[in-house]
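Novice: next one to model:
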Amino acid sequence: MSIIKPTSKIEFANSLRGIAVLLVLFGHYVFVFNYLKGQYGSFPPINQYPFHGVNEFLNSPIMRNFNFGQIAVALFFLVSGLVIPNSVASLANAKIGRVAFVIGRIFRIWPTYAIGLLISVYALWLNTQVNSAAFYQPWPRIFANMSLFRDWMGEAQIDGVVWTLETEAKFYLFVLLFWSAISKGRLYPIAIICIAALVAAPEKASYEGTLGALVTSTNYLWALPYILYMSIGIVFNYHLRGILSTKLMLAVVSGMFTTFVIVAKVQHMYGAVPTSYGATLLAFALMYFFARNWSGGPVIRFYAKISFPLYACHAPLGYSGMAYMLTLSINPYAALAIQTIISTGLAWVLHLLIESPTHNAGKFLGKKLIAVEGPSIVNAKASQP
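Specialist: Next comes the predicted model:
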């Protein structure tokens, strides 16, 4: 079997993680918290919006069709789609390559998210203790969320961010299913995911979320549109590895995004989804072609480094913390600054103590398994499809 050689680290993609997590933090701590008037868990709403002028900004003609949270999620999805095929190409010639890939992904994602989720649960518990309210987050629900297959178990989400990681997990299943084709840069998996998303769309195979509420979803196909969007990153990877011409890559990407928009319309996804995901794709493409070595500077690089632990622990912790500070008559902007520092510091600790060690352990174990199997020609050059 001939394999296309994987590419080296793409600097701009790593930096985009820092941009994305800052957008998430800003979107949740400012826009969502403002929309809720500081209400979260057992904390009641305040009499006025904590951040003056935010709602007017969001309802302006330009911003009405954009959502910072969706833009951030779309960035994370495209970056994953771009970089994951490199792992596939590196491991494709090893008989145990799929196993090494799964082990690497589990060690990369699960321990950090598990701790982040427990921090969220603890924040929710403190939320009720401060307000003398009942706490109810049963362990089966916690473990279901922690598994990243909560949606297939019919359990409610806890932190409001797990759905994106569940999408990531389903994307890994897609990659494993079409392992050989993706390693060799074939386009038929792209056609299959487009067709699957279109066929499933009339059945409302979509994630249905309600702001501020626990969501139960047992629809096994809801992630298809998002897997389709993530797969746009795969096509960029094919181009980066020299498999697709620029003209063909742009044609395929255009067709995929058109399919995504059709599915979004059929499923009545959030109104800002097509424009937010479209603007993100455009910005991603411009950086891919014209700023591929952009490092983002020290602040962006720092947040890129802690992006996953910050994403995993920030939501209930931040909402509860800021709501509590408002009850102490702390200025909302001061509360925002304090909570951002707290969440950032905690994410840095998680990166040092959990994320980095477990990620390295997963890579070490994967290499050991490959070494036990024996030498393999992993990076052999292949002819184009």
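Novice: drop to CA atoms for contacts and neighbour counts, all remaining ones
Specialist: OK.
Novice: which parts of the stretch 101-250 of the chain are strands?
Specialist: Counting by DSSP state E, counting those that start in this stretch, one finds no strands in the stretch 101-250 of the chain.
Novice: quick one: low-confidence parts of it?
Specialist: Scanning the stretch 101-250 of the chain with the threshold set as pLDDT under 70 gives 204-218.
Novice: which stretches of it form helices?
Specialist: 139-147, 150-153, 162-177, 179-183, 188-200, 224-240, 246-266 (DSSP state H, counting those that start in this stretch).
Novice: and those, which is most packed in?
Specialist: When the helices of the stretch 101-250 of the chain are scored by mean count of other C-alpha atoms under 10 Å, the highest mean neighbour count falls to helix 224-240 (a mean of 24).
Novice: what helices or strands is that helix leaning on?
Specialist: In terms of contacts (3 or more C-alpha pairs under 8 Å, 6 or more residues apart in numbering; DSSP states H and E), helix 224-240 is packed against helix 68-91, helix 162-177, helix 188-200, helix 246-266.
Novice: let's have those helices in TSV, adding distance to residue 277.
Specialist: Compiled in TSV, the helices and strands packed on helix 224-240 are given as follows (distance: least, C-alpha to C-alpha, whole Å):
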stretch	distance to residue 277
helix 68-91	6
helix 162-177	14
helix 188-200	16
helix 246-266	9
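Novice: who wins for proximity to residue 367 among these?
Specialist: Among the helices and strands packed on helix 224-240, helix 68-91 comes nearest to residue 367, with 9.9 Å by C-alpha to C-alpha.
Novice: who are the packing partners of that closest one?
Specialist: Using 3+ C-alpha pairs under 8 Å, 6+ apart: helix 68-91 touches helix 11-26, helix 97-130, helix 179-183, helix 224-240, helix 273-290.
Novice: pull out the buried residues from the longest one.
Specialist: Buried residues in helix 97-130, counting neighbours by 16 or more other C-alpha atoms under 10 Å, are found at 97-121, 123-128.
Novice: what angle do helix 162-177 and that helix make with each other?
Specialist: On the basis of axes from the mean of the first three to the mean of the last three C-alpha atoms, to 10 degrees, helix 97-130 is oriented at 170 degrees to helix 162-177.
Novice: run the chain-centre distance for helix 97-130.
Specialist: Distance of helix 97-130 from its chain centroid, counting by C-alpha atoms, centre = their mean, to the nearest Å, is 14 Å.
Novice: what do you get for stretch 222-237?
Specialist: Offset of stretch 222-237 from its chain centre (C-alpha atoms, centre = their mean): 12 Å.
Novice: which residues sit against stretch 219-235?
Specialist: 74, 77-85, 151-152, 167-168, 170-171, 190, 193-194, 196-197, 200, 204-207, 249, 252-253, 256-257, 260, 263-264 (C-alpha atoms under 8 Å, 6 or more residues apart in numbering).
Novice: again, 7 Å this time
Specialist: Where contact means C-alpha atoms under 7 Å, 6 or more residues apart in numbering, the residues beyond stretch 219-235 that reach it are 77-82, 85, 152, 167, 171, 190, 193-194, 197, 205-207, 249, 253, 256, 260, 263.
Novice: any stretches of the stretch 251-385 of the chain with poor pLDDT?
Specialist: In the stretch 251-385 of the chain, residues with pLDDT under 70: 373-385.
Novice: what ranges do the helices span in it?
Specialist: 273-290, 297-305, 307-313, 315-327, 332-350, 356-373.
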